[in-house]
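[1] what's the 3D shape of this:
(chains A and B)
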Protein chains: 2
Amino acid sequence: MYSREIESLLKKNKIRAGDRVVVKKGRQQYEGLLLPRSEAGDSGSLIIKLDSGYNIGIGFKGASLEKIKGGGKGLGKSKEKLLKMDFDKKRPAVSLVTSGGTIVSRVDYKTGGVYAVDDPREFLRTVPELKKVANLSRVVSPVTRMSEDSDWKDWVAIAKAVHKELKKGEGVIVTHGTDTLHYTAAALSFFLQEPGKPVVLLGAQRSSDRGSSDAGMNLLCAAHAALSDIAEVGTCMHSSISDDCCLFIRGTKVKKMNTMRRDAFRPINDLPLAKVFPNGRIEIVNKNHKKRSKKEAKLDVKFEPKVALVKVHPSADPGVLEYHRSKGIRGFVIEGTGLGHVPTKVEKSWIPGIKKLVKDGIPVVVTSQTVYGRVHPSVYANLRTLFQEAKAIPGKDMLSETAFVKLGWVLGHTKDLEEVRSWMEKNVAGEITERSLPETFLY
Amino acid sequence: MYSREIESLLKKNKIRAGDRVVVKKGRQQYEGLLLPRSEAGDSGSLIIKLDSGYNIGIGFKGASLEKIKGGGKGLGKSKEKLLKMDFDKKRPAVSLVTSGGTIVSRVDYKTGGVYAVDDPREFLRTVPELKKVANLSRVVSPVTRMSEDSDWKDWVAIAKAVHKELKKGEGVIVTHGTDTLHYTAAALSFFLQEPGKPVVLLGAQRSSDRGSSDAGMNLLCAAHAALSDIAEVGTCMHSSISDDCCLFIRGTKVKKMNTMRRDAFRPINDLPLAKVFPNGRIEIVNKNHKKRSKKEAKLDVKFEPKVALVKVHPSADPGVLEYHRSKGIRGFVIEGTGLGHVPTKVEKSWIPGIKKLVKDGIPVVVTSQTVYGRVHPSVYANLRTLFQEAKAIPGKDMLSETAFVKLGWVLGHTKDLEEVRSWMEKNVAGEITERSLPETFLY
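    Down below sits the predicted model:
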């Protein structure tokens, strides 16, 4: 909401967000579309989308506002001309792989809804600074999806596109919806273990045509990260709600921790790889990372999609394991409580069901719903029953989401239970650390 | 592990944790049980459990160590005499309700396991400072359970005991295992909405006989909180890994966020009610809390246990909803992605299943697996389909665990879908806030 003063003027003059307006202030005059007020900004400034694609804020004090009749039908419905983005061929080449999501969407100000843009390159023009950083003229879109609907087929398609693009330039940027961005980041980490160059995923919590959008800065930082020496698969998005820098976080150690905030993506049980500033400065935080190399990246996308992730809770029904098995599930990740517990009360114990699955060769990995910390296979008697008798596999300090993706990847390679156990307990792509640094909690 | 120097001496002299030893240093001599080294402390100090119940650390430099033969079989097996804890009847009375968990457990140093003590009062003697704060002579134990096995029956039993004890003293302390402490805290919040006095839950991440135990300070702070003016149901445990203070956090807004750390319990989408210091100082953080009153507390434990909490993930099978329903489930909480999405891809869309449930009068509440933030019913087209067409109920900024407990409590009162919706969308016990303060993220 704008300030009460602005809102009452808008109401009086029947002006709504999406209308084409002229704002006059002193000797200046601005024409463009009136955008709705963002949550974060100053409620006393009008936000106008200029025809150049830029959004500007104009302090309302001393300004006048006028609607241009017939001047526009809202951003979502009008077909704006796609401004051609010319990149400097002398800049280092970075490929852009787009896959849908808010970052390549825009708001329809008539309905309040968010829709995918027709051409994924459209959003690039909101960040003209990009031209000075990299030559982003290679854009490929293996899939277009809002990320709540992403699954392993998309992960494979994106990985194949990234693998191809790694041969073309200095690094690859992948844009993606934020809901399951961390699942995809984990998948790419296992599919492309030695990329040799940076593979940088990013999304936006606000569509790129909104005044408060994080798309531009995330994209700029991601371009810098893609040109860095850090040859890892990771995400690069806002570090805080101010626009100071982004965090480049390892793909197996990142989770979306907030529904709305621009700094929603956090490292879990790990330090970020680096802080990346919009001006190109890169501050290494975690020295333990892979360096750029000349070796050609290998792609390994063998995957078994029949894996279920199950969160336990008080009175949870263990019969759900048999249900999933009857539908063909070949492996489980159980999100237990605390150090990795499942309910063991006689009438609702999860132990017999787990024991039976493992006996029949179906792996059961246990992670924790505390998000942070490490599953421990022996502190308590019930843990020894679960891990030593029923032979569940401790997920160590893996995120549930990462363990879920990893189990699918491992089962794509072997169904032998002891081999699966050995892979799951071993670090493959940064997903397991042997010791958590105290400062990683709630980073 | 102790330092290499100590470990090699222990090995040479065949001394192990749990053995009875004499340590001589200068003119001092200490006799007691050798405890294993904690993760946090100084590896160059020996930790000895004295017969008084105190644990002390003795710098090894310049000290000598000797085993007393036949002097002890380890803590877990020897029946130590229960030291009678005499409380000062002139101090304000606080009742102690125990329910099992690590806080009333001790380590068996022969197996490394943790076992419940025979008498829950035993752990009180590790905190002699308590005597100066409150008269804790009333101890009741409605249930003894490691909390991975807690369920609604325990919640009801604990609530009834608390309700009774609220009439006896100035406040009530509840000790509980940590795994599901937050589920129980939420349940007590709905069962006892106007307690009139503080109801303070606490647990410990290390058993009370360990050198690094958090039990003592948590108990001391909880006693102070129980005597405060904050008449809310909440948890009171370590604020950080140093022993500076505890956080008193509203029972509907708290989650165990780390498997191991002593500061694992964090406020989610809310400020803590107060910081509570071991010396009794109370620093109010959230002024918006209920004050102590003379009104008698009402108890409302009507509860429908047939509720399932289901976390979605890429490729998740929506058929699990029908499975649960066939087993008698009367309400669902779905932990969606981002702003509250479920998968909508045609062949695996969750929308038809949810629509059918709601049409048949079974409520479906949607929360987010991001932990922090707020579910939004309309930003994206898929959200409008879920909340406006399929008529799922947005969980707002409720924790999944709290929404799960609340739905059981609401269904205990009414099965009418519109009534359930109205209750779920309305704040009852601090579980919904209308606006999240920026500083509550990763508090």
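
[2] in the strand or helix carrying A:A186, which residues are buried?
    Using DSSP states H and E, A:A186 sits within helix A:181-191. Within helix A:181-191, the residues that count as buried by 16 or more other CB atoms under 10 Å in any protein chain shown are A:L181, A:H182, A:Y183, A:T184, A:A185, A:A186, A:A187, A:L188, A:S189, A:F190, A:F191. The C-beta positions use only the backbone N, C-alpha and C, and glycine is treated the same way.

[3] could you list the low-pLDDT ranges of chain A?
    Within chain A, the ranges that satisfy pLDDT under 70 run A:1, A:38-42, A:51-55, A:70-85, A:107-118, A:120.

[4] change it to 90
    For chain A, the stretches flagged by pLDDT under 90 are A:1-88, A:100-129, A:144-146, A:206-213, A:346-347, A:378-381, A:436.

[5] quick check: domain ranges of it?
    Split into domains by automatic domain parsing, chain A comes to A:4-67, A:94-284, A:307-424.

[6] please identify the deepest-packed of those domains.
    Per-stretch averages of neighbours, counted by mean count of other CB atoms under 10 Å in any protein chain shown, single out domain A:94-284 among those, with a mean of 23.

[7] is chain B contacted by it?
    Yes. Contact of domain A:94-284 with chain B (CB under 8 Å from any CB of the partner chain) involves A:112-115, A:146-152, A:178-180, A:183, A:241, A:255-261, A:263-264, A:266.

[8] likewise for stretch A:434-443?
    Yes. Shown here: stretch A:434-443 in contact with chain B (CB under 8 Å from any CB) through A:P438, A:F441, A:L442, A:Y443.

[9] dump stretch A:140-160 to CSV, restricted to CA.
    Extracted in CSV, the C-alpha atoms of stretch A:140-160 (Å, rounded to 0.1, in the frame of the first residue of the first chain):
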residue,chain,number,x,y,z
VAL,A,140,18.6,-21.7,-24.0
SER,A,141,15.3,-22.8,-22.4
PRO,A,142,15.2,-26.6,-22.1
VAL,A,143,12.0,-26.3,-20.0
THR,A,144,9.6,-23.6,-18.8
ARG,A,145,7.9,-24.5,-15.5
MET,A,146,6.8,-22.8,-12.3
SER,A,147,9.0,-24.7,-9.9
GLU,A,148,6.3,-26.3,-7.7
ASP,A,149,5.9,-28.6,-10.7
SER,A,150,9.6,-29.4,-11.3
ASP,A,151,10.7,-33.0,-11.1
TRP,A,152,13.5,-35.2,-12.1
LYS,A,153,12.8,-35.0,-15.8
ASP,A,154,13.3,-31.3,-15.6
TRP,A,155,16.5,-31.8,-13.6
VAL,A,156,17.8,-34.1,-16.4
ALA,A,157,16.8,-31.6,-19.1
ILE,A,158,18.5,-28.7,-17.4
ALA,A,159,21.6,-30.7,-16.6
LYS,A,160,22.0,-31.7,-20.3
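
[10] now it, how far from the centre of its chain.
    What separates the centre of stretch A:140-160 from the centre of its chain is 13 Å, taken as CA atoms, centre = their mean, to the nearest Å.

[11] stretch A:248-255 too?
    Stretch A:248-255 sits 9 Å away from the centroid of its parent chain (CA atoms, centre = their mean).

[12] which parts of the stretch 51-200 of chain A are helices?
    Applying DSSP state H, counting those that start in this stretch to the stretch 51-200 of chain A gives helices spanning A:130-133, A:152-165, A:181-191.

[13] can you add distance to A:V371 and give those helices back as a markdown table?
    Shown next, in a markdown table, are the helices of the stretch 51-200 of chain A (distance: least, CB to CB, whole Å):
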| stretch | distance to A:V371 |
| --- | --- |
| helix A:130-133 | 34 |
| helix A:152-165 | 22 |
| helix A:181-191 | 12 |
